[in-house]
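Asks: what would the 3D arrangement of this be:
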Amino acid sequence: MMELKSLAKDTAIYGLSSIVGRFLNYLLVPLYTNVIPASTGGYGIVSNVYAFTALMLVFLTFGMETGFFRFANRQDEDPRRVYANALLFVGGLSLLFVIVCLAGLGPLSDALEYADHPEFVGMMVVVVALDSFQCIPFAYLRYKKRPIKFAAIKLFSIVGNIALNLFFLVLCPWLMRTAPGTVDWFYDPDYVVGYIFLSNLICSAVQMFFFIPELRGFSYRVDRALMRRMVSYSFPLLILGLVGVLNMTVDKMIYPFLYDDRQEGMKQLGIYSATSKVAMVMAMFTQAFRYAYEPFVFGKSNDSDSRETYAKAMKYFFIFALLAFLAVMGYMDILRYLVARDYWEGLSVVAIVMGAEILKGIYMNLSFWYKLTDETRWGAYFSLIGCAVIVGLNVWLVPRYGYLASAWASVAGYGVITLLSYFIGQRKYPIRYDVRGMAVYLLLAAVLYAASTFIGHLGLPFALRLLLNTLLLLIFAAYILKKDLPARQLPFIGRFFRRT
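Replies: Sure thing, here's the model as predicted:
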């Protein structure tokens, strides 16, 4: 139980940077959707470029985050040497990437159909190289159990990005109207999308200075034998990661190319991407859990009760993921204001996208069996299958059904690989998950969601709808307290129950 409490504590701290940080970042969504009308497709451009950026981020990190944790926790390896070699590998690969891309920026921009704005591609090439390199110092902070510094750096960068976006997208336009002489020498009112990328570039560059202590005091010598073992271990994870991020972003990459009219494709992509952000509460929770769970799993892998602990962690993840789902859907009348009104037509995808995120989180929990057994090739197999399902369904159905097809394709892809990972994992590294207990929670959540949907169709006053949905949420929370998280065991609250 103490290990789970430690995991929960680290998840909460990492969640400060992941959940709170992403929430602050998502406050930019109403800004973007208000300054970029849906009809222009500008937000679609942002989503499209960031989708390619996410793919390259995985390629440049090369699975070395997980490789670092694996080798740093081995008794026969020096963690500092492992860390230095991971830095050298990712840093060298990132530098080579920048040189090659900037040298061929024109043809690269033409291929991505951004010939009019090659600087968009150039800025994001540098951003992805910086962010890839910084992933290793971030992993080192997690290894050293320094979640406070981890969270502080993340939050500082996010707040800085928000401040720069507000400067370029709010303050500068206001100054152009009231005192144009102060900003017209550098500011272009029609360059809105470009300033979004520029803000990201500035923050990624400044963030490097925070890692100076994590880059000093190490012997940067290539240990060829160690590097070979790390690359051999991490390469399947690279394939896994590339295909995994394709599963998450391929729809946004290919979406504009599935329409005869690219402008219309960008418009629909912008609506889909903006409304999907409402569902990202689930992604934030999953990410925070992963940051704490990965070092936790490898650190506990030699304990006799490790499998029982993994099973409990899976169940708690699933329970609170369902709670997050019900909360988002129950308060949709409020959350929809995260996007401008002309994007609201896409809100129907929120529940579907959240379902896909839950499946992705379950798959993440299941995936550690092949990492702990060093059979990481299985992750590559699963991800390739999932990617094939997602791409195939997108190409087949998007031209007919639009972004709803993209959302359901993600559910199908993650559903397939979750089932594959579970059944094969039970043969390779059996863990007794409480499948029956989780099924009961799923059924209860489905009934409460159906009730919430029914309430939404009754035409009740806003306040009454919120009250009824809150009651439904409390029913689910009460069941958690009764079944798996007794109130007597909770801090502070437990004292009250013990006294009574």
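
Asks: list the buried residues in stretch 413-431.
Replies: 413-418, 420-422, 424-425, 429, 431 (16 or more other CB atoms under 10 Å). Where C-beta positions appear, they are placed from N, C-alpha and C, glycine not excepted.

Asks: among these, which lie within helices?
Replies: 413, 414, 415, 416, 417, 418, 420, 421, 422, 424, 425 (DSSP state H).

Asks: residues in contact with the first one?
Replies: With contacts defined as CB atoms under 8 Å, 6 or more residues apart in numbering, residue 413 is in contact with 247, 356, 386, 387, 389, 390, 393.

Asks: same list, the ones in helices among the buried residues of stretch 413-431, but as JSON lines with distance to residue 102 and pLDDT please.
Replies: Output for those, formatted as JSON lines (distance: CB to CB, whole Å; pLDDT from 0 to 100):
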{"residue": "413", "distance to residue 102": "34", "pLDDT": "92"}
{"residue": "414", "distance to residue 102": "35", "pLDDT": "92"}
{"residue": "415", "distance to residue 102": "40", "pLDDT": "94"}
{"residue": "416", "distance to residue 102": "39", "pLDDT": "95"}
{"residue": "417", "distance to residue 102": "36", "pLDDT": "92"}
{"residue": "418", "distance to residue 102": "40", "pLDDT": "93"}
{"residue": "420", "distance to residue 102": "40", "pLDDT": "93"}
{"residue": "421", "distance to residue 102": "39", "pLDDT": "91"}
{"residue": "422", "distance to residue 102": "44", "pLDDT": "93"}
{"residue": "424", "distance to residue 102": "43", "pLDDT": "92"}
{"residue": "425", "distance to residue 102": "43", "pLDDT": "89"}
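
Asks: which among these gets closest to residue 134?
Replies: residue 414 (27.8 Å; CB to CB).

Asks: what is the burial count for the residue nearest to that closest one when sequence neighbours are not counted?
Replies: Closest residue to residue 414 apart from its sequence neighbours, by CB to CB, 6 or more residues apart in numbering: residue 359 at 3.7 Å. For residue 359, the neighbour count with other CB atoms under 10 Å is 22.

Asks: C-alpha coordinates for the strand or helix carrying residue 359, CSV please?
Replies: Residue 359 is part of helix 350-366, with elements assigned from DSSP states H and E. Provided in CSV are the C-alpha atoms of helix 350-366 (Å, rounded to 0.1, in the frame of the first residue of the first chain):
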residue,chain,number,x,y,z
VAL,A,350,-15.7,14.7,-27.3
ALA,A,351,-17.2,11.5,-25.7
ILE,A,352,-15.7,9.4,-28.5
VAL,A,353,-12.2,10.9,-28.2
MET,A,354,-12.3,10.4,-24.4
GLY,A,355,-13.2,6.8,-24.9
ALA,A,356,-10.1,6.4,-27.1
GLU,A,357,-8.0,8.1,-24.4
ILE,A,358,-9.2,5.6,-21.8
LEU,A,359,-8.3,2.7,-24.1
LYS,A,360,-4.9,4.3,-24.7
GLY,A,361,-4.4,4.6,-20.9
ILE,A,362,-5.3,0.9,-20.4
TYR,A,363,-2.9,-0.1,-23.1
MET,A,364,-0.2,2.0,-21.5
ASN,A,365,-0.7,0.0,-18.2
LEU,A,366,-0.7,-3.3,-20.1
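
Asks: so what does it touch, helix or strand wise?
Replies: For helix 350-366, the packing partners by 3 or more CB pairs under 8 Å, 6 or more residues apart in numbering; DSSP states H and E come out as helix 262-276, helix 280-300, helix 306-330, helix 403-428.

Asks: and after the longest one, which helix or strand comes next?
Replies: Sequence-wise, the next helix or strand beyond helix 403-428 is helix 435-456, with elements assigned using DSSP H and E.

Asks: what angle separates that next one from helix 306-330?
Replies: Angle, helix 435-456 to helix 306-330, by axes from the mean of the first three to the mean of the last three CA atoms, to 10 degrees: 10 degrees.

Asks: helix 435-456 versus helix 350-366: what angle between them?
Replies: 170 degrees.

Asks: what packs against helix 435-456?
Replies: So helix 435-456, by 3+ CB pairs under 8 Å, 6+ apart, packs with helix 306-330, helix 462-483.

Asks: off-centre distance for that helix?
Replies: 25 Å (CA atoms, centre = their mean, to the nearest Å).

Asks: I'd like the average pLDDT over that helix.
Replies: For helix 435-456, mean pLDDT rounds to 94.

Asks: and it, which residues are buried?
Replies: So for helix 435-456, counting by 16+ other CB under 10 Å, buried means 438, 441, 444, 445, 448, 449, 451, 452, 455, 456.

Asks: export these to CSV and tack on distance to residue 77?
Replies: Below are these laid out as CSV (distance: CB to CB, whole Å):
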residue, distance to residue 77
438, 37
441, 40
444, 46
445, 43
448, 49
449, 48
451, 54
452, 51
455, 57
456, 55
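
Asks: greatest separation within those residues: which pair is it?
Replies: Checking the buried residues of helix 435-456 with CB to CB, the most distant pair is 438 and 456, at 26.5 Å.

Asks: report the angle between the lengthiest helix in the chain and helix 262-276.
Replies: Identified as the longest helix of the chain according to DSSP H is helix 224-254. Comparing the axes of helix 224-254 and helix 262-276 via the same axes, to 10 degrees yields an angle of 110 degrees.

Asks: elements contacting helix 224-254?
Replies: Looks like helix 224-254 contacts helix 42-61, helix 64-72, helix 79-103, helix 262-276, helix 377-401, helix 403-428 (3+ CB pairs under 8 Å, 6+ apart).

Asks: and those helices: which comes nearest residue 150?
Replies: helix 64-72 (12.9 Å).

Asks: buried residues, that closest one. List them.
Replies: Within helix 64-72, the residues that count as buried by 16+ other CB under 10 Å are 64, 65, 66, 67, 68, 69, 70, 71, 72.

Asks: reformat those as TSV; add distance to residue 467 and pLDDT.
Replies: Output for the buried residues of helix 64-72, formatted as TSV (distance: CB to CB, whole Å; pLDDT from 0 to 100):
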residue	distance to residue 467	pLDDT
64	50	90
65	44	87
66	45	84
67	50	87
68	49	88
69	46	86
70	50	84
71	54	87
72	51	84
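
Asks: which one of those residues is nearest residue 35?
Replies: Nearest member of the buried residues of helix 64-72 to residue 35, counting by CB to CB, is residue 65, at 34.9 Å.

Asks: I figured the closest one hits residue 135, correct?
Replies: Yes: shown here, residue 65 and residue 135 form a contact pair, counting by CB atoms under 8 Å, at 5.7 Å.

Asks: and of the buried residues of helix 64-72, the nearest to residue 465?
Replies: residue 65 (43.1 Å).

Asks: please name the nearest non-neighbouring residue to the closest one.
Replies: Using CB to CB, 6+ apart, the nearest residue to residue 65 is residue 139, at 4.6 Å.

Asks: kindly report the same for residue 161.
Replies: residue 203 (4.6 Å).

Asks: now do the contacts for the closest residue in space to residue 429 that isn't next to it in sequence.
Replies: Leaving aside its chain neighbours, residue 429 sits nearest to residue 369 (3.7 Å; criterion: CB to CB, 6+ apart). By CB under 8 Å, 6+ apart, residue 369 lies in contact with 421, 425, 428, 429, 431.
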